[in-house]
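# Show me how the following folds:
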Amino acid sequence: DSVLKGKDTLALLPTGGGKSVCYQVPGMALDGMCIVVSPLVALMHEQVSQLEKKGIKAVALTSAMTYREIETVFNNAIYKTYKFLYISPERIQTKLFLRKLPSLPVSLIAVDESHCISQWGYDFRPSYLQIKKIRELLPAVPLLAVTATATKKTVADIIAQLEFKKDHAIFKTSFARPNLHYHIKKDENKFETLLNTCNKIKGTGIVYVRNRRKTKE
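This next block holds a predicted model:
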């Protein structure tokens, strides 16, 4: 509802909490195309594949494409061929993108993994700062930022860096996972404890250690 009303919106949802639905549903409801900024090529291809299976026209621009292929996508997008255009943050810096953007029928800008824009986030990606250029060229288009991880400091930074308008909305759901259990144990002989744990528990597991030497051991 917030996005459909044209408000800049930030959604803090856990992994698997439906972040893609937050922009795919309004993207389908709105007349025009949704630009999705995503940092992972594999994620782009996966979402495009899922949308295409549902008969929804979507495309991802990647570095594997030639200049002519990318230009063809942009030209097709101008005539409302696609509902979703997935791009990396690095794509925003290209002359071709900046030249074609004003002609695209964009109804929504979605920023996936939006914590990447914050220098307070764990995965700062400087190219995310270029998203401001989209805002400059398309000031009336609402922006939806989604992430599964953000402290209060990161949230404030996302809102500032993406230049959210004053009437923006923030939504946060619980990150509690009832199927996860945490047990903390202080032990002098960690290797022996680890071996005992491995022998007791069936199935697979992941062991985290401090450095490469410990990993080899």
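
# Let me see the ranges of the helices in this protein.
Remark: helices assigned in the chain by DSSP state H are 19-29, 41-53, 67-78, 95-100, 131-137, 152-161, 190-200, 212-216.

# Which of those sits closest to residue 117?
Closest approach to residue 117 among the helices of the chain (CB to CB): helix 152-161, 4.7 Å. Glycine gets a C-beta too; all of them are placed from N, C-alpha and C.

# Alpha carbons of the closest one, in PDB - could you do that?
Output of helix 152-161 as PDB, limited to C-alpha atoms (Å, rounded to 0.1, in the frame of the first residue of the first chain):
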ATOM      1  CA  LYS A 152      19.400   1.800  13.400                       C
ATOM      2  CA  LYS A 153      22.600   3.600  12.200                       C
ATOM      3  CA  THR A 154      22.400   1.700   8.900                       C
ATOM      4  CA  VAL A 155      18.700   2.500   8.500                       C
ATOM      5  CA  ALA A 156      19.300   6.200   9.000                       C
ATOM      6  CA  ASP A 157      22.200   6.000   6.500                       C
ATOM      7  CA  ILE A 158      20.000   4.200   3.900                       C
ATOM      8  CA  ILE A 159      17.300   6.900   4.200                       C
ATOM      9  CA  ALA A 160      19.900   9.700   3.900                       C
ATOM     10  CA  GLN A 161      21.900   8.200   1.000                       C
END
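
# What helices and strands are in contact with that helix?
Applying 3 or more CB pairs under 8 Å, 6 or more residues apart in numbering; DSSP states H and E, one finds that helix 152-161 contacts strand 9-12.

# Which residues does the strand it packs on contact?
2-3, 19, 22, 114, 142-148, 150, 155, 158-159, 164, 168-173 (CB atoms under 8 Å, 6 or more residues apart in numbering).

# Extract the CA atoms of it and return them as CSV.
Below are the C-alpha coordinates for strand 9-12, written out as CSV (Å, rounded to 0.1, in the frame of the first residue of the first chain):
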residue,chain,number,x,y,z
THR,A,9,9.6,2.9,1.6
LEU,A,10,12.1,0.9,3.5
ALA,A,11,11.3,-2.8,4.3
LEU,A,12,13.4,-4.7,6.9
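
# Partner strands of it and their direction?
As defined by DSSP bridges, the strand partners of strand 9-12 come to strand 143-147 (parallel), strand 169-172 (parallel).

# hey, which of those strands is tucked in deepest?
Highest mean neighbour count of the strands paired with strand 9-12: strand 143-147, a mean of 26 (counted as mean count of other CB atoms under 10 Å).

# Could you check the angle it makes with helix 152-161?
160 degrees (axes from the mean of the first three to the mean of the last three CA atoms, to 10 degrees).
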